[in-house]
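# mind looking at a prediction? Sequence and model below.
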Amino acid sequence: MDNLKLNKQLSGIAGEYYVAAELSRRGYLAAITLRNSDGVDILVSNLDGDKLISIQVKSTQNKRKWILSKKTETEYSEKKYFVFVNIPADINMPPEYIIVHSKVLANHIYIGHRTWLSEPGRNGKKRNDSNVRQFDPRYFKPEELLTWDDLIKVIEN
């Protein structure tokens, strides 16, 4: 059993624990919030507890696109980051992490969605607006995507 398909709930839980583990192994406290904590999945601090950031985790399996909601465009802060986790079906492969500051993500989602709306849809018809948004890392510049080391520097500053 080298390949395993996870349901949405297990994928989400696994993603949060993967992110918490990555931060813990780098020497930081990573507290996973309760499942109904809207917008914050993990609170991260240094060991002294005087530097804090929040992380929202979005997980998927075997694809590099994540579904978001309209509120991603407006719910951002200097201390909030998104970590997108792609969990391979092959359990012998490590997860892929893509880290983005919430403000950078909000800007991209806002502009990208409006661009999509302005373009013709199927058969040249006008597209209907919805609350669904999508994160696709291909549309981001390399300097807009962070590494674990970048995130650690943020916590320390």
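Structure's in. What do you need?
# can you tell me the SS state at S77?
coil (DSSP: H, G, I helix; E, B strand; the rest coil).
# looks like it contacts H101 (just checking).
No - if you go by C-beta atoms under 8 Å, S77 and H101 don't touch, sitting 9.6 Å apart. Placement of C-beta: from N, CA and C, glycine included.
# neighbour-wise, which of these two wins?
Taking neighbours as other C-beta atoms under 10 Å, S77 and H101 compare with H101 leading, 21 against 13.
# can you tell me which residues contact the more buried one?
76, 80-82, 144, 146 (C-beta atoms under 8 Å, 6 or more residues apart in numbering).
# do the same with Y97
When contacts are counted by C-beta under 8 Å, 6+ apart, Y97 is found next to 18-19, 22, 83-85, 148.
# would you mind identifying the next helix or strand past the host helix or strand of G12?
Per DSSP states H and E: G12 is located in helix 8-24. Next helix or strand after helix 8-24 toward the C-terminus (DSSP H and E): strand 29-32.
# adjacent strands (with direction) for the next helix or strand after that following strand?
Next helix or strand after strand 29-32 toward the C-terminus (DSSP H and E): strand 42-45. When pairs are called by DSSP bridges, strand 42-45 turns out to pair with strand 29-32 (antiparallel), strand 52-61 (antiparallel).
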